[in-house]
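Novice: Below is the structure, and that's it, no one-letter string:
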């Protein structure tokens, strides 16, 4: 192209530069993170003490639904796609993504999807109020009119995810630098390659189930209506066949981020590189055969419960391999504890706690007691917040100097970490206790018995929210006026040109490749 770079708004609207698109994904996801966070704080403010204080129960249910949908589809997934856009071409030595225009499109349809989802709050009957899992027939027979807009928004998000995944796969398989074999790729690239295949496999399932909902609502079908010969449990099977791989889609790239950070600050290579690759692939495969562990209480045959119970427990094996390798990477390393390392270590510890409570939920007869209590809420937040959110935050601190050429303020970064770490644990650890005591989830009011734990959780939630405002300040201050980052941006042995845990390829880009 002959013309110079676009200026102003058109630069961002029409850009095909993977770095610009990565930045837009990251800023958009942070905006969604704040919106979803405000909804979470409305929920926690209502639950601060027993009795109805702030919102009516229907609006409370709308908040639980929108909070879940926005955090999963608007905050976590676009943030990881943003990290992939920025780092995958740099890590494999590619000039850009394989399909740059599709890359632009896959981002720009997202704001419209979430504008449509958000607009349901202002419609007659209000936003969807049936929980982020939108179980039928609650989401079909008894749904507000706005559910149609929600279905369309889900379709657009899914299209964005599929396009992004195709782009990542095409880039990784076709555009690696000479000499960079698959087993020399950084683990972040590996985790995203596997995640992209997962997304392509399960997003059409989500599209299918919301299309069946649409048919039930508007076209007289009865897929999920027992009165018309349908089966509400069918909805759960289809939804969770998407939903369980989905939770691994939100955690596998996190494994890649942490596997890049720990070796840097331990100043030694990643322990067990190839076993990490195989463990990631094993987790991805197993994620497809465990979906019904979300449904132990629907009345499945005993044999089915046994199969899903054992398959779920099996996932602990490759996950344990990864945790062991991370710990072995740190073992006897010359560790320093800069902000990204603090977030990465917290990830390993807290994600493991979430894994243990997941093992408890995997035991079918025990799950009968835990099901739909706050214990489940505690479990998946211990996996997703330290898992996805902490790793994204760690990745931003780790790569921000490379992105903008400026170094963040280490004291402020550590302050952010300790506030977020305290807020997270004060919020979600007590939920284990209120759940084991029998507090059901998704209720706006509760028995006085649960008052103390809920008050502690709500205080922690506001502390965690305040920490994210500090994070926003740190990032903006770094970009605008941070001190210049040096080549050896971490005061150690790590120049950020090659973020490769395995041996660097023989081709260094200083000289053009030989034409054979």
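Specialist: Cool, got the structure. Owing to the predicted nature of the structure, the values given are computational and were not obtained by experimental measurement. Numbers count the residues shown, from 1 in each chain.
Novice: Tell me, how many residues neighbour residue 191?
Specialist: Neighbour count of residue 191, defined by other CB atoms under 10 Å: 29. Quick note: C-beta positions are derived from backbone N, CA and C, even for glycine.
Novice: what about it, distance to residue 233?
Specialist: Remark: distance between residue 191 and residue 233 (CB to CB, to the nearest Å) = 33 Å.
Novice: Repeat that for residue 157.
Specialist: From residue 157 over to residue 233 (counting by CB to CB), the distance is 25 Å.
Novice: Counting neighbours, go ahead and name the busier of those two.
Specialist: residue 157 (25 against 17).
Novice: pretty sure that one is touching residue 73, no?
Specialist: Yes: the criterion here is CB atoms under 8 Å, and residue 157 meets it with residue 73 at 4.9 Å.
Novice: In contact with residue 382, which residues?
Specialist: For residue 382, the contact set (CB atoms under 8 Å, 6 or more residues apart in numbering) comprises 350-351, 353-354, 357, 428.
Novice: Same check on residue 340?
Specialist: So residue 340 contacts 261, 264-265, 394-395, 397-398 (CB under 8 Å, 6+ apart).
Novice: Recalculate using a threshold of 10 Å.
Specialist: Contacts for residue 340 were tallied using CB atoms under 10 Å, 6 or more residues apart in numbering; they are 257-258, 260-262, 264-265, 391, 393-400, 408, 413, 417, 490.
Novice: go on, residue 107?
Specialist: Counting by CB under 10 Å, 6+ apart, residue 107 has contacts 12, 15, 20-22, 24-25, 28, 78, 81-82, 85, 160, 163-164.
Novice: Could you list the low-confidence segments of this protein?
Specialist: The model of the chain has pLDDT under 70 over residues 1-6, 487-516.
Novice: and if we set it to 80?
Specialist: Filtered on pLDDT under 80, the chain yields the residue ranges 1-7, 486-516.
Novice: Just the strands from it, written as ranges.
Specialist: With strands called from DSSP state E, the chain shows them at 406-407, 483-484.
Novice: Nearest spatial neighbour of residue 172, chain-adjacent residues omitted?
Specialist: Using CB to CB, 6 or more residues apart in numbering and skipping residues adjacent in sequence, the residue nearest residue 172 is residue 193, 5.0 Å away.
Novice: burial measure for residue 11, as a count.
Specialist: Neighbour count for residue 11, taken as other CB under 10 Å: 12.
Novice: and if you look at residue 431?
Specialist: 26.
Novice: In contact with the nearest residue to it once chain neighbours are set aside: list those residues for me.
Specialist: In this structure, residue 431 finds its nearest non-sequential neighbour in residue 378, 3.6 Å apart by CB to CB, 6+ apart. By CB under 10 Å, 6+ apart, the contact set of residue 378 is 353-354, 357, 370, 427-436, 441, 457.
Novice: Equivalent analysis for residue 304, please.
Specialist: Contact analysis of residue 304 by CB under 10 Å, 6+ apart lists 292, 295-296, 364.
Novice: Now, those residues that are in helices?
Specialist: Taking DSSP state H, the ones among the contacts of residue 304 that sit in helices are residue 364.
Novice: Dump the contacts of residue 304 to a markdown table, plus neighbour count and distance to residue 94.
Specialist: Supplementary listing: the contacts of residue 304 in a markdown table, determined by neighbours: other CB atoms under 10 Å; distance: CB to CB, whole Å:
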| residue | neighbour count | distance to residue 94 |
| --- | --- | --- |
| 292 | 23 | 40 |
| 295 | 19 | 42 |
| 296 | 23 | 45 |
| 364 | 20 | 46 |
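Novice: Just the closest of the contacts of residue 304 to residue 42, please.
Specialist: Closest approach between those and residue 42, by CB to CB: residue 295, at 29.2 Å.
Novice: Over to the closest one: give its phi and psi.
Specialist: phi -130, psi 30 (degrees, to the nearest 10).
Novice: Any idea how many residues pack against the residue nearest to it when sequence neighbours are not counted?
Specialist: Leaving aside its chain neighbours, residue 295 sits nearest to residue 236 (5.2 Å; criterion: CB to CB, 6+ apart). Residues lying near residue 236 (other CB under 10 Å) number 21.
Novice: From residue 271, how far out is residue 236?
Specialist: For residue 236 relative to residue 271 (CB to CB), the value is 40 Å.
Novice: Likewise for residue 248?
Specialist: From residue 248 to residue 271 the distance is 22 Å (CB to CB).
Novice: With residue 339 instead?
Specialist: From residue 339 to residue 271 the distance is 23 Å (CB to CB).
Novice: Nearest to residue 94 among the contacts of residue 378?
Specialist: residue 354 (34.1 Å).
Novice: OK, contacts around that closest one?
Specialist: Residue 354 neighbours (CB under 10 Å, 6+ apart): 251, 378-387, 428.
Novice: if we go to 7 Å?
Specialist: By CB atoms under 7 Å, 6 or more residues apart in numbering, the contact list for residue 354 reads 379, 382-383, 387.
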